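S.K.: Turn this into a structure:
(one chain, ligands or ions: 1)
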Amino acid sequence: MMPFRRVLVAAGLLACLAAPVRAQEPFRIGLILPMTGPFQGTGRQIEAAVKLYMAQHGDVVAGRKVSVVLRDDAGVADTSRRLAQELVVRDHVQVLAGFGLTPLAMAVAPIATQAKVPEVVMVAATSVITEKSPFIVRVAQVLPQPAVIAADWALKNGIRKVVSVVSDYGPGYDAEKWFNDRFKAGGGQVLAALRVPLANPDFAPFLQRVKDSNPDAMFVFVPAGVGNIFAKQFVERGLDKSGIRFIATGDVTDDDTLNGMGDAMLGVVSAGPYSAAHPSAVNKAFVTAFKAANGGMRPNFIAVFGYDGMAAIYQALEKTKGNSDGAALVEAMKGMAWESPRGPMRIDPQTRDVIHNIYMRKVERVDGELYNVEFETFPDVKDPAKAPK
Ligand code: PHB
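M.R.: Next comes the predicted model:
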């Protein structure tokens with residue numbers, strides 16, 4: 001038998017030998033997205049953005065080869081959970097990313113905690129998500145951010161009576177609460193707060209109620225991929241000719257589908273973190289490269305969130321010098337700041353949530369296409385739901 005001291009020395013040697021070998025090991029990102037089903041547009045935009053980021057920044061970070069393992073959850077939470085489990089246990093991914101809807105991000109939170117693997121949230125936008133695991137970092141948005149800014153704008157622009165219309169789940173409740181509370185606190189009146197089912201939405205009866213209430217404006221939140229269904233029924237019900245103003249979060253006038261929604265959208269005012277028309281050099285280069293790589297497809301806010309998710313992961317791995325320990329990566333992301341196509345952004349070191357500009361925008365025709373043209377900037381907006389009271 002080996003004397004105890006020799007065993008220790010041998011173990012030490014092994015550890016020394018193992019270290020450089022470990023550094024060469026590939027770094028795997030498990031990307032879980034709805035690639036099929038009603039939210040496949042989300043998957044398509046993020047997949048394209050992730051590919052673009054890697055084409056531009058290479059696939060080696062701090063000496064480690066980076067690879068992405070893409071899985072389709074079709075927007076079903078049980079599937080996201082099962083895929084996350086498999087990605088961690090079988091594929092040995094060191095980061096989980098994606099999460100196209102709130103319930104999907106929530107379903108994976110316990111796995112992130114248990115496996116000590118960072119969960120980089122690229123879409124899901126209900127405020128409470130980041131509190132579900134200390135391993136969650138969000139690069140997307142939080143609905144209370146645009147909601148309060150839209151309410152302030154409405155109050156300042158002569159709107160006194162509103163009806164809110166939101167999708168009946170987490171981010172819809174956040175949008176409804178933060179818009180309506182702010183609007184009422186400023187002296188406005190909320191005539192009705194309507195919630196429309198998320199799956200296969202039929203907006204017709206809700207739009208009829210909006211019409212019957214005759215408010216100055218309706219405030220709308222639906223997630224990316226649903227705005228075009230809303231717009232179609234909005235026109236069919238004649239709401240575009242009713243004189244009721246249409247204000248929204250940026251999710252509704254999504255750059256991916258805005259052109260297809262037609263001229264009825266002209267003049268719609270929304271609050272959001274990203275427009276394809278954002279006039280910065282970084283964004284112009286991003287939009288040009290994204291379109292060139294994707295047959296002319298226009299990037300929307302979700303593509304930017306995916307791109308920024310990769311930026312956060314790459315920079316974290318750079319900062320840890322290739323150490324993929326989950327806690328170290330999350331620590332590296334806290335307080336991280338960079339210039340995104342959306343403008344300056346950073347990760348709040350306290351909440352691990354996104355801080356970014358929120359822009360007021362109006363749908364206009366520019367060079368023959370519909371765009372959300374920014375007209376006012378609110379810099380460095382934190383999640384108001386997490387702001388110290
Ligand atoms: C969400 O499910 O949290 C979500 C998805 C898409 C959006 C906004 C929120 O555009």
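S.K.: How about the residues of this protein by the ligand?
M.R.: Taking Cβ under 6 Å from any ligand atom as the test, the list of the chain residues beside the ligand reads 101-102, 123-126, 170-171, 223-224, 251. (Glycine included, C-beta is placed from N, CA and C.)
S.K.: and with 8 Å instead?
M.R.: If contact is defined as Cβ under 8 Å from any ligand atom, the residues of the chain in contact with the ligand are 39, 42, 100-105, 123-126, 129, 140-141, 143, 169-171, 221-225, 249, 251, 254, 301-302.
S.K.: Can you mark which positions in the helix or strand hosting K51 are buried?
M.R.: Element membership for K51 (DSSP states H and E) is helix 40-57. For helix 40-57, a neighbour-count test (16 or more other Cβ atoms under 10 Å) marks 40-54 as buried.
S.K.: any idea which helix or strand comes after it?
M.R.: Secondary structure here is assigned by DSSP H and E; on that basis, the next helix or strand after helix 40-57 toward the C-terminus is strand 60-61.
S.K.: ranges for the helices of the stretch 251-389 of the chain?
M.R.: Using DSSP state H, counting those that start in this stretch, the helices of the stretch 251-389 of the chain run over residues 258-261, 281-293, 301-319, 326-333.
S.K.: Now tabulate the ones you listed in a markdown table and tack on mean pLDDT and mean neighbour count.
M.R.: Conversion of the helices of the stretch 251-389 of the chain to a markdown table gives the following (pLDDT from 0 to 100; neighbours: other Cβ atoms under 10 Å):
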| stretch | mean pLDDT | mean neighbour count |
| --- | --- | --- |
| helix 258-261 | 95 | 18 |
| helix 281-293 | 98 | 15 |
| helix 301-319 | 98 | 25 |
| helix 326-333 | 98 | 19 |
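S.K.: so which of those helices comes closest to D367?
M.R.: For those, proximity to D367 was assessed by Cβ to Cβ; helix 258-261 is nearest, at 11.6 Å.
S.K.: V381 versus M265, what's the distance?
M.R.: For M265, the distance to V381 (Cβ to Cβ, to the nearest Å) stands at 24 Å.
S.K.: Pick out whichever of the two has more residues nearby.
M.R.: For M265 versus V381, the count of surrounding residues by other Cβ atoms under 10 Å is larger for M265: 26 against 22.
S.K.: Would you confirm that the more buried one contacts K232?
M.R.: No. At 11.0 Å, M265 and K232 do not qualify as touching, with contact defined as Cβ atoms under 8 Å.
S.K.: check contacts around the residue of the stretch 251-389 of the chain found nearest the ligand.
M.R.: At 3.6 Å from the ligand, D251 is the closest residue in the stretch 251-389 of the chain, using Cβ to the nearest ligand atom. With contacts defined as Cβ atoms under 8 Å, 6 or more residues apart in numbering, the neighbours of D251 are 221-224, 227, 272, 301.
S.K.: Adding secondary structure, write those residues out as CSV.
M.R.: Conversion of these to CSV gives the following (DSSP: H, G, I helix; E, B strand; the rest coil):
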residue, secondary structure
F221, strand
V222, coil
P223, coil
A224, coil
G227, helix
G272, strand
F301, helix
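S.K.: which of those residues are buried?
M.R.: Of the members of the contacts of D251, the ones counted as buried by neighbours, 16+ other Cβ under 10 Å, are 221-224, 227, 272, 301.
S.K.: tell me the mean pLDDT for stretch 67-75?
M.R.: Averaged across stretch 67-75, the pLDDT comes to 98.
S.K.: what's the answer for stretch 98-113, then?
M.R.: 98.
S.K.: Only C-alpha atoms, please: export that stretch in CSV.
M.R.: What follows is the C-alpha trace of stretch 98-113 in CSV, where atoms were taken according to Å, rounded to 0.1, in the frame of the first residue of the first chain:
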residue,chain,number,x,y,z
GLY,A,98,-33.3,31.0,-23.4
PHE,A,99,-36.8,30.8,-21.7
GLY,A,100,-39.3,32.2,-24.2
LEU,A,101,-42.2,32.6,-21.7
THR,A,102,-42.5,33.2,-17.9
PRO,A,103,-43.8,29.7,-17.0
LEU,A,104,-40.8,28.2,-18.8
ALA,A,105,-38.3,30.2,-16.8
MET,A,106,-40.1,29.5,-13.6
ALA,A,107,-40.1,25.7,-14.3
VAL,A,108,-36.3,25.6,-14.6
ALA,A,109,-35.4,27.7,-11.6
PRO,A,110,-35.3,24.8,-9.1
ILE,A,111,-32.9,22.9,-11.5
ALA,A,112,-30.6,26.0,-11.7
THR,A,113,-30.5,26.2,-7.9
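S.K.: So what touches that stretch?
M.R.: Applying Cβ under 8 Å, 6+ apart, the external contacts of stretch 98-113 come out as 31-34, 39, 42-43, 46, 73, 75-78, 80-81, 84-85, 88, 96, 117-126, 129, 132-136, 169-171, 223.
S.K.: Quick one: buried ones out of those residues?
M.R.: Burial of these was assessed by neighbour count (16+ other Cβ under 10 Å); the buried members are 31-34, 39, 42-43, 46, 73, 75-77, 80-81, 84, 88, 96, 117-126, 129, 132-136, 169-171, 223.
S.K.: Give me the subset of those lying in helices.
M.R.: For the buried ones among the contacts of stretch 98-113, the ones inside helices are 42-43, 46, 77, 80-81, 84, 88, 170-171, with DSSP state H as the criterion.
S.K.: Of all pairs in those residues, which one is the farthest apart?
M.R.: Using Cβ to Cβ, the pair of those lying farthest apart is V88 and P171, separated by 26.2 Å.
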